[in-house]
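Trainee: next input, structure requested:
(one chain, ligands or ions: 1)
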Amino acid sequence: MAFHNLSVCLPLPATSSTAAILCIFFSFFFIWFSHNRRIRARLPPGPYALPIIGNLHQLVLPAHRTFKSLADKYGPIFFLRLGSVPTVVVSSSEIAKQFLKNHDLIFASRPPRAAGRLIFFNFEDVVFAPYGEHWRQMRKICVLELLTAKRIESFKHVREEEVSSMIRSVWEESENGRMGVNVSKAISTLTSNIVWRILANRKFSDDDLGGDFKGFKDLLVELIARVGDFNIGDFIPYLDWLDLQGINRCMKKIHKTFDEFAEKIIDDHVNANHLMAAASNGQKRADAEPHVQDFVDVLLHMAVTDTKITRETIKALVLDMFGAGLETTSTTLEWAMSELLRHPHVMKKLQEEIESIVGHHGKVKGSNLATMKYLHCVVKETLRLYPAVPLMVPHESVEAVTIAGYYIPKKTTVMVNVWAIGRDPNVWGAYASKFKPERFMEYEQINLTDQSDFSMIPFGAGRRGCPGASMAIPTIELALAQLLHTFDWRVEGDPSQLDMKEVCGVTIPRQVPLCAYPRLRVSFPL
Ligand code: HEM
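Mentor: I've put the predicted structure just below:
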């Protein structure tokens, strides 16, 4: 009876409460839907995003070229949804300036990529660290301790010695000009030797590395490739544990190999410092040679008084300098040599400038570089057309903001297509894609290290801009000047047909190593 009553009495109130719940639900849904639609209408334009994967299927490599084609269709700022990650791609200097200068602080963070967690010591480094106290401290160490003008100058002898050594081995390998040489390999050995002498005061052979890699170049190629991969777990986080592409597994292998190697470097430095202290009994000898401290020395000294600098921090910073400093410098040199080979008149003009300053038999010194105006133009032109990191390192917004009339949500990944900016015909004219160093005679005000001009930004800009530019440029200029002063260069066949394809990744080295024949211009030995 009671049940019967219930069934008779309850339907009315049950229907009205269900209706009320449905009404509230639909109101919320409607508010949420129209809010989202309003936001979506204010987002930058972009291609339609599929459920779950968003626009991931449109990420055809090389990404900087794909993004350039999308920019031609959707404009200099467009929106993608990569998995669940809102992403904005910027392809004009005007808009890049708004992100990296006017709203620099909002975009000073990095998206939390697996590479930072698995390779770079769980974001202990500077490149991948999110914006915050740790990044500020690491950045301060880079700018005020490791990459100061004084310290870079103190390694002048390292650059000069290593450049001379490269020239000797090029000549040997060419069997006095009879054979072609692998210029890419010579350049990569040069930059590796310079970087390791600056970091750890010695050169390493590939056998020193250990692990599963054939050597440092192999490790670096793998590292750059994995950092540049579009890792599904970064964009669809709930799939991360599956490691569908096997990228996380590779990253752990890279980390382990580097970690063990870096441990040995730190141990060697600690032991050497103890031995030195014991030998001098704590007293500095008045006649002792001034010791140029390498980066690991500097970091170990800082760690004595600063407890925040741990062994992990030191290893992470050494990995940053190795990863960020080496491939970028050699890629730039490789492209500069490639373009000079394709443009013999530019090579000749540059050789004439160098000779007018150094003399016919001279060795180029670091102090000669400041007056080589045409050399500066050649390096700028190379960095304009071949920025070593074509999409910069991705930034992330820490709050929502409106830029160029578009709504940019909090936690949006921002990629700046530096490659497209350097080739923008609206800025660089009809011959934007041509290698014409003379154009920088007109644009003399463009200073690559102060980054106030956004018409080309190969080193990025703002708070996260590259702190290593003033270390890279003297190395590139010195090596290039000496390679051209010592030798005339030619390639087999028609130089205008030289293969200029690039590798797809976070950096853009040549796909095929550059091979060329040197002919001696000056007397040996250097
Ligand atoms: C031609 C050579 C180089 C180029 C083209 C280059 C380019 C870049 C670019 C585009 C960025 C990202 C900037 C951003 O996200 O806004 C960057 C960051 C960085 N670079 Fe370089 N770089 C070069 C050489 C070096 C060297 C020699 C070092 C050090 C030895 C170095 C250390 C770094 C570091 C530590 C960062 C991260 C800065 C941060 O996140 O705060 N780079 N570089």
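Trainee: which ones are touching residue 121?
Mentor: If you count contacts by C-beta atoms under 8 Å, 6 or more residues apart in numbering, residue 121 has them with 255, 259, 312-313, 315-316, 319. All C-beta atoms are positioned from the backbone trio N, CA, C, and that covers glycine.
Trainee: what's the neighbour count on the one residue in the stretch 351-500 of the chain that gets nearest to the ligand?
Mentor: Of the stretch 351-500 of the chain, the residue with the smallest distance to the ligand, taken as C-beta to the nearest ligand atom, is residue 468 at 2.1 Å. By the other C-beta atoms under 10 Å criterion, the neighbourhood of residue 468 contains 18 residues.
Trainee: ditto for residue 250
Mentor: Taking other C-beta under 10 Å as the neighbour definition, residue 250 ends up with a count of 18.
Trainee: SS state for it?
Mentor: In the three-state summary, residue 250 is assigned as helix, counting by DSSP: H, G, I helix; E, B strand; the rest coil.
Trainee: that one is in contact with residue 226, isn't it?
Mentor: Yes. A contact is recorded between residue 250 and residue 226 when judged using C-beta atoms under 8 Å, the distance being 5.4 Å.
Trainee: so which residues of the stretch 301-450 of the chain form strands?
Mentor: Counting by DSSP state E, counting those that start in this stretch, residue ranges of the strands within the stretch 301-450 of the chain are 395-396, 401-403, 406-408, 413-416.
Trainee: mean confidence for the shortest one?
Mentor: It stands for strand 395-396. Strand 395-396 shows a mean pLDDT of 98 in the predicted model.
Trainee: does it pack against any helices or strands, and if so which?
Mentor: Identification of packing neighbours for strand 395-396 by 3 or more C-beta pairs under 8 Å, 6 or more residues apart in numbering; DSSP states H and E yields strand 413-416.
Trainee: dump the strand it packs on to CSV, keeping only the CA atoms.
Mentor: Coordinates of each C-alpha in strand 413-416 appear next as CSV, following Å, rounded to 0.1, in the frame of the first residue of the first chain:
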residue,chain,number,x,y,z
THR,A,413,52.3,27.3,-26.3
VAL,A,414,53.8,30.0,-28.5
MET,A,415,56.2,29.1,-31.4
VAL,A,416,57.9,31.9,-33.3
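Trainee: so, low pLDDT: which residues of the protein?
Mentor: Scanning the chain for pLDDT under 70 picks out 1-15, 21-41, 275-291, 524-526.
Trainee: hang on, the earlier thing: need the contacts of residue 121 in JSON lines (columns: distance to residue 440 and neighbour count).
Mentor: Compiled in JSON lines, the contacts of residue 121 are given as follows (distance: C-beta to C-beta, whole Å; neighbours: other C-beta atoms under 10 Å):
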{"residue": "255", "distance to residue 440": "41", "neighbour count": "20"}
{"residue": "259", "distance to residue 440": "43", "neighbour count": "17"}
{"residue": "312", "distance to residue 440": "43", "neighbour count": "14"}
{"residue": "313", "distance to residue 440": "39", "neighbour count": "22"}
{"residue": "315", "distance to residue 440": "39", "neighbour count": "24"}
{"residue": "316", "distance to residue 440": "36", "neighbour count": "26"}
{"residue": "319", "distance to residue 440": "34", "neighbour count": "24"}
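Trainee: tell me the two of those residues that are most distant?
Mentor: Greatest spatial distance among the contacts of residue 121 (C-beta to C-beta): 255 and 313, at 15.0 Å.
Trainee: and the strands in the protein?
Mentor: Taking DSSP state E as the test, the strands found in the chain are 77-82, 85-90, 181-182, 395-396, 401-403, 406-408, 413-416, 487-490, 515-520.
Trainee: thinking again about what came up before, residue contacts, the residue of the stretch 351-500 of the chain closest to the ligand?
Mentor: With contact taken as C-beta under 8 Å, 6+ apart, residue 468 is in contact with 142, 147, 321, 324-325, 328.
Trainee: so which of these belong to helices?
Mentor: Within the contacts of residue 468, membership in helices is found for 321, 324-325, 328, as judged by DSSP state H.
Trainee: also near the ligand: which of the contacts of residue 468, exactly?
Mentor: Contacts with the ligand are made by 142, 321, 324-325, 328 out of those, judged by C-beta under 6 Å from any ligand atom.
Trainee: could you rank the residues you listed by neighbour count and give me the top one?
Mentor: Neighbour-wise, these (other C-beta under 10 Å) top out at residue 328, 26 neighbours.
Trainee: tally of neighbours for the residue nearest to that one when sequence neighbours are not counted?
Mentor: Using C-beta to C-beta, 6 or more residues apart in numbering and skipping residues adjacent in sequence, the residue nearest residue 328 is residue 388, 3.9 Å away. Using other C-beta under 10 Å, the number of residues around residue 388 comes to 25.
Trainee: show me the contacts for the closest residue to residue 98 other than its chain neighbours.
Mentor: Leaving aside its chain neighbours, residue 98 sits nearest to residue 403 (5.1 Å; criterion: C-beta to C-beta, 6+ apart). If a contact means C-beta under 8 Å, 6+ apart, then residue 403 has 77, 95, 98-99, 103 as its contacts.
Trainee: burial of the single nearest residue of the stretch 1-150 of the chain relative to the ligand, as a residue count?
Mentor: The ligand sits closest to residue 127 of the stretch 1-150 of the chain, with a gap of 4.1 Å, by C-beta to the nearest ligand atom. Residues contacting residue 127 under the criterion other C-beta under 10 Å number 23.
Trainee: hmm, residue 461 and residue 469 touching each other?
Mentor: No. Taking C-beta under 8 Å as the contact criterion, residue 469 and residue 461 are not neighbours in contact, 10.7 Å apart.
Trainee: looking at those two, which is more packed in?
Mentor: Using other C-beta under 10 Å, the more surrounded residue of residue 469 and residue 461 is residue 461, with 22 against 18.
Trainee: what residue lies at the spatial centre of this protein?
Mentor: residue 389 (4.5 Å; C-alpha atoms, centre = their mean).
Trainee: phi, psi of that one?
Mentor: phi -120, psi 90 (degrees, to the nearest 10).
Trainee: measure residue 143 to residue 136 for me?
Mentor: According to C-beta to C-beta, to the nearest Å, residue 143 and residue 136 sit 11 Å apart.
Trainee: over to residue 46?
Mentor: The value you get for residue 46 to residue 136, if C-beta to C-beta is used, is 33 Å.
Trainee: who has more neighbours out of those two?
Mentor: Using other C-beta under 10 Å as the criterion, residue 46 and residue 136 rank with residue 46 on top: 20 against 14.
Trainee: for that one, which non-adjacent residue is closest in space?
Mentor: Of all residues beyond its chain neighbours, the one nearest residue 46 is residue 79 (3.8 Å), with distances taken as C-beta to C-beta, 6+ apart.
Trainee: next one: residue 66
Mentor: residue 60 (4.8 Å).
Trainee: same check on residue 120?
Mentor: Sequence neighbours aside, residue 128 is the residue nearest to residue 120 in space, at 4.8 Å (criterion: C-beta to C-beta, 6+ apart).
Trainee: and that neighbour, what does it touch?
Mentor: If you count contacts by C-beta under 8 Å, 6+ apart, residue 128 has them with 110, 113, 115-116, 120, 393.
Trainee: between the ones next to the ligand among the contacts of residue 468, which is nearest residue 492?
Mentor: The nearest member of these to residue 492, counting by C-beta to C-beta, is residue 328 at 28.4 Å.
Trainee: list the contacts for the closest one?
Mentor: When contacts are counted by C-beta under 8 Å, 6+ apart, residue 328 touches 388-389, 468, 472, 507.
Trainee: enumerate the residues of the stretch 201-350 of the chain near the ligand.
Mentor: 320-321, 324-325, 328-329, 332.
Trainee: which one of those is nearest to residue 160?
Mentor: Relative to residue 160, the closest of those is residue 329; by C-beta to C-beta it sits at 15.7 Å.
Trainee: burial of that closest one, as a residue count?
Mentor: Under the criterion other C-beta under 10 Å, the count of neighbours that residue 329 has is 25.
Trainee: which residues touch it?
Mentor: Contact partners of residue 329, counting by C-beta under 8 Å, 6+ apart, are 191, 195, 388, 472, 475-476.
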